[in-house]
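Enquirer: Any chance you can model this:
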Amino acid sequence: MRKLLLCFLSVLVLLLTGCGDDAGSGDGESTEPTSITGVAVGGEFGSAPEVDIDTPVSVEETTVETLTEGDGEQITKGDTVIVNYAGLNARSGAEFDSSYVRGQPAAFVTTGVIPGLAEALEGQTVGSRVVAAVPPADGFGAEGNPDAEIEGEDTLVFVVDLISRQLPEATGAATELPETLPQLQLDDTGEPTEFVATEKTQPAPEKLVAEVVIEGDGPEIEAGQTMVAHYVGQIFPDGGVFDSSWETGQPAPFQIGAGQVIPCWDKGLVGKTVGSRVILVCPPAEGYGKQGNPQINVTGKTTLIFAIDILAAY
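Expert: Sure thing, here's the model as predicted:
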């Protein structure tokens, strides 16, 4: 279903593959000293930080300071967190990576990043801005990262804004799917696999249907936001499954309400809450239209059905 999601932006960055210059360094006039000797940071949560490093700076162990404390959920080991961040080399002051420059937040699993960054994230709360100085032992080690011009003895400095915590699955108040629709099947772990029609299943509806079977208590999705979701898509009522993020094991990000996905996603998901599981039934006009999508055996007369877990939005 790769066309379903026309702007498939991968935010699941393993970590720091980009190189930069010293654009993140400031002249110190708009920055405030931190508890990390030689490092000053300015700017507000959500905006690109101004970082001034009295180069060279090095630390023996990872040092973390919370510059702004958020009031959201606490991040624990193994969580996936949506962040904006800037990474700088404390030897040169050069910025080697920045999600602010790319204009796209990143999703970090705390157990999948360098140890120093994991230490900076775990225990913090959503809405916080933190700064961390990371020695080589907690960074890229003695080999460094030549692609980012990081040498084996370089201390790294990160400024991170914790935007949201990504849920592992839908969670909230559950309701039954109307028996007139195909019924969602779950595997032994509780993950959706497919829809199965029953004797009570009605013919394909002419209008979009959006049923919330688990109502999350997170914020509402706003048009233009990026939503992270697990999903399964199938030909109505119980035809072939043409795409499933649960099968790949990796949720995906989509911009919602901006014409970047098929219409039924834009119309059916804006206003739903993070944590929800939504069942969408999409008539042809709300799916791939008259042209269909031959790659997934969808014609101009095919109705689609989806189960979607909304895990995060930013």
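Enquirer: Alpha carbons of stretch 35-45, as CSV, please.
Expert: C-alpha atoms of stretch 35-45 as CSV (Å, rounded to 0.1, in the frame of the first residue of the first chain):
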residue,chain,number,x,y,z
SER,A,35,26.1,23.1,34.3
ILE,A,36,28.4,21.7,31.7
THR,A,37,31.6,23.8,31.8
GLY,A,38,32.1,25.7,28.6
VAL,A,39,28.6,25.0,27.2
ALA,A,40,25.9,27.7,26.9
VAL,A,41,22.5,27.3,25.4
GLY,A,42,19.8,29.7,24.3
GLY,A,43,16.4,29.5,22.7
GLU,A,44,13.0,28.1,23.7
PHE,A,45,11.6,24.6,23.5
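Enquirer: By neighbour count, which bits of that stretch are buried? Give me those.
Expert: 36, 38, 39, 40, 41, 42, 43 (16 or more other C-beta atoms under 10 Å). Every residue, glycine included, has its C-beta placed from N, CA and C.
Enquirer: separation between the fifth one and residue 65?
Expert: Which is residue 41. 9 Å (C-beta to C-beta, to the nearest Å).
Enquirer: what's around residue 205, how many residues?
Expert: Residue 205 is flanked by 14 other residues according to other C-beta atoms under 10 Å.
Enquirer: err, residue 167, not the other one
Expert: Count around residue 167 with other C-beta under 10 Å applied: 22.
Enquirer: Can you measure across stretch 128-143, start residue to end residue?
Expert: One end of stretch 128-143 sits 31 Å from the other (C-alpha to C-alpha, to the nearest Å).
Enquirer: go on, stretch 259-273?
Expert: For stretch 259-273, the end-to-end distance is 20 Å (C-alpha to C-alpha).
Enquirer: what's next to that stretch, contact-wise?
Expert: 4-7, 172, 208, 210, 212, 215-223, 227, 254-258, 278, 280-283, 285-288, 304, 306, 308, 310 (C-beta atoms under 8 Å, 6 or more residues apart in numbering).
Enquirer: what about the stretch 1-150 of the chain, any weak spots by pLDDT?
Expert: Applying pLDDT under 70 to the stretch 1-150 of the chain picks out residues 1-29.
Enquirer: buried subset of the contacts of stretch 259-273?
Expert: 4-5, 172, 208, 210, 212, 215-216, 218, 221, 227, 254-257, 278, 280-283, 286-288, 304, 306, 308, 310.
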